[in-house]
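Colleague: curious how this folds, go ahead:
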Amino acid sequence: MTTQWQTFPIQFNGGLISSLSPLQHGIQAVGSAAIMQNFEPSLDGGYAKILGYEKLIDTKPTVSTTDVMQALCVVDDDTVIVARGGDYYKGTVSSDTWSSSLATAVDTSFTTVNHQRYNFTGTEKIIFTDGTNFPAIYDVSAGTMTYITTSVSNDAVENASDVALYKSTLFFAVGTELVFTAPYTDTDFTVANGAGSVNVVSPITGLAVYRDQLIIFCVDRILRIVGSSAADFQLITVTEEIGCLEGTTIQEVGGDIVFLAPDGIRTFSSTERIGDFGLDVASKSIRPTVDNLRTTNTHFCSAVIVDKAQYRLFGYNTATQTAASNGILGTKFIDQGGTGFQWATLKGFKAYVTDSFFDGDSEVYVFANEDGYVYKMESGNSRDGSDISAVLETPYMPINDPKVRKTFYKLDLYVEPLGSFNLDVNILLDQNKAGSIQPSQFNFTNAGGDLFFYDDPSSTYGTAKYSVIIDETYANNLVGSGKTVAIRFEDIGTNASFTLDTVVLEFATNDRQ
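Modeller: Reported below is the predicted structural model:
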């Protein structure tokens, strides 16, 4: 009797899910991932291997310290400001050089710095707050930095930890106080001129402007200010049940505000509807992953990759080596609410501070840690020369019946490569239990030959070829049988990015045992 083969297509979609048991996962979310490391859910479909990072400037600021970078601000496409050891430095990308100290803090023990751009008088400035000193102001045109001096009116902003620009007014977070300047000024705190302060009771962890309102994130509550000036500013409570753990995790992505709350990664639009059915936690599907990130790290920072609608949350621990540093990324597929996120994990990105800059044509994403360098994300195919470890593993899928054994004969992979890759593939049967016989590992390779890819360092002028067709379908015969099946893909190296689109298994159903 001829064996009847069947096909089982798996479309890669849904991202990482770590909150389901293995069998439930394989039944409910075929196409999602049980392990998804250094792959990203793509807005164009499938799972893409992430891009790497490289040094933005090949030198370090001339400072004899091993401390972390306390501040990071991209001024323009050729200038970056950092703080380390309590000193601020200006780096120039085109010349790979750093200035001598721009300014030195009175108290150098601060840990993180927030900043805000503004232009009230035709001169672009950036103000920095560190939670310990008076704010420092950088004049972009002059290239100079000065601290706000001590005075009776300015004392209110000493120890300001965050700053935001709202309605042509600078708002400073100082403990439980929200202090704001007179309109169109950065150092006028005179009440008669329109300045003032508001006590929000709970310590402020971060500020964000969102949809014509200033959102105030506290340890255990979230509030907002609406209005246009001191005459009509109103403080409104959003919730007194949920707060934000660290202001460095607050970002706007896909038309929503995202932040790290005690119960996971939340969106502000969801939190605002507490008491309504719209309330949800964006990271509910990866709750164990978020819990692990929180327990293994002592500090967090975040970034948004705008053109990918992607939120990245980086964990930092001084004791963790760069290769083992972990994080989370989420791509937002729906404009509002947390359910529109698909998640994955990051590994090998050790970030303590992050920043980005948009120049009208492209955006630059940077991060830094304790090694003294500033790194540019979304650049190259390696981690500054080291391998990227990209791993994707599907859940254990019963296909049509978890009690019936299937014999697997063939696997077809549909992939969109951007260059050479070397993909190891393993078929895992019956939860990979001890004693179960597993098929041998096999490999899908595309060497790329002399095919030319723009901005690929391996491409050589005069030998590169254009219009070469790259294989997008790969097949391998299988030998193995089991009641459930999972597929594991690994690409460890400095190969170009590629997107896993769909995999198709060919199998036959055996008799019920």
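
Colleague: and Val200, what does it touch?
Modeller: By C-beta atoms under 8 Å, 6 or more residues apart in numbering, the contact list for Val200 reads Thr176, Glu177, Leu178, Ile216, Cys218, Arg221, Leu223, Leu235. C-beta: built from backbone N, CA, C; applies to glycine.

Colleague: now the third one: which helix or strand?
Modeller: Right, Leu178. Assigned by DSSP states H and E, Leu178 belongs to strand 177-180.

Colleague: got the CA positions of that strand in PDB?
Modeller: Output of strand 177-180 as PDB, limited to C-alpha atoms (Å, rounded to 0.1, in the frame of the first residue of the first chain):
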ATOM      1  CA  GLU A 177       7.900  68.000  42.500                       C
ATOM      2  CA  LEU A 178       7.200  69.000  38.900                       C
ATOM      3  CA  VAL A 179       8.900  72.400  38.400                       C
ATOM      4  CA  PHE A 180       8.300  74.400  35.200                       C
END
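
Colleague: give the pairing partners of that strand; include direction for each.
Modeller: Next to strand 177-180 in the sheet, as set by DSSP bridges, lie strand 169-174 (antiparallel), strand 196-199 (antiparallel).

Colleague: with respect to burial, which of those strands scores highest?
Modeller: Sort those by mean neighbour count, taking mean count of other C-beta atoms under 10 Å, and strand 169-174 sits at the top with a mean of 25.

Colleague: for that strand, the distance to its chain's centre please.
Modeller: Averaging C-alpha positions (C-alpha atoms, centre = their mean, to the nearest Å) puts strand 169-174 26 Å from its chain's average.

Colleague: what do you get for stretch 490-508?
Modeller: Distance, centroid of stretch 490-508 to centroid of chain: 23 Å (C-alpha atoms, centre = their mean).

Colleague: what are the buried residues along that stretch?
Modeller: Burial within stretch 490-508, assessed by neighbour count using 16 or more other C-beta atoms under 10 Å, is assigned to 490-491, 494-507.

Colleague: farthest-separated two in those residues?
Modeller: Based on C-beta to C-beta, the longest span within those runs between Thr494 and Phe507 and measures 35.1 Å.

Colleague: could you list the low-pLDDT ranges of the protein?
Modeller: Within the chain, the segments meeting pLDDT under 70 span 1-3, 64, 152, 270-279, 335-338, 360, 447-471, 513.

Colleague: of the strands paired with strand 177-180, which is nearest Ile388?
Modeller: Comparing the strands paired with strand 177-180 by C-beta to C-beta, strand 169-174 comes nearest, at 37.1 Å.

Colleague: which residues does that closest one contact?
Modeller: Contacts for strand 169-174 (C-beta under 8 Å, 6+ apart): 116, 118, 127, 129, 135, 156-165, 178-186, 194, 204-207, 214, 216, 225, 229, 247.

Colleague: quick one: end-to-end distance for stretch 141-156.
Modeller: Its start and end residues considered, stretch 141-156 measures 28 Å (C-alpha to C-alpha, to the nearest Å).

Colleague: residues of it that come out buried?
Modeller: Neighbour counts over stretch 141-156 (16+ other C-beta under 10 Å) mark Met145, Ile148, Asn154, Ala156 as buried.

Colleague: related to what we said a few turns ago, out of the buried residues of stretch 490-508, name the ones that lie in helices.
Modeller: Among these, no member is found in helices (DSSP state H).

Colleague: nearest residue to the middle of the chain?
Modeller: Arg312 (0.9 Å; C-alpha atoms, centre = their mean).

Colleague: tabulate the strands paired with strand 177-180 (JSON lines), appending distance to Asp430.
Modeller: Formatted as JSON lines, these follow (distance: least, C-beta to C-beta, whole Å):
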{"stretch": "strand 169-174", "distance to Asp430": "55"}
{"stretch": "strand 196-199", "distance to Asp430": "61"}
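
Colleague: out of the ones you listed, flag the one nearest Ile50.
Modeller: Comparison of the strands paired with strand 177-180 against Ile50 by C-beta to C-beta identifies strand 169-174 as nearest, at 33.0 Å.

Colleague: enumerate every residue touching the nearest residue to Lys332 once chain neighbours are set aside.
Modeller: What sits nearest to Lys332 in space, not counting adjacent residues and going by C-beta to C-beta, 6 or more residues apart in numbering, is Gly254, at 3.5 Å. Gly254 makes contact with Ala309, Lys332, Ile334, Asp335, Gly340 under the criterion C-beta under 8 Å, 6+ apart.
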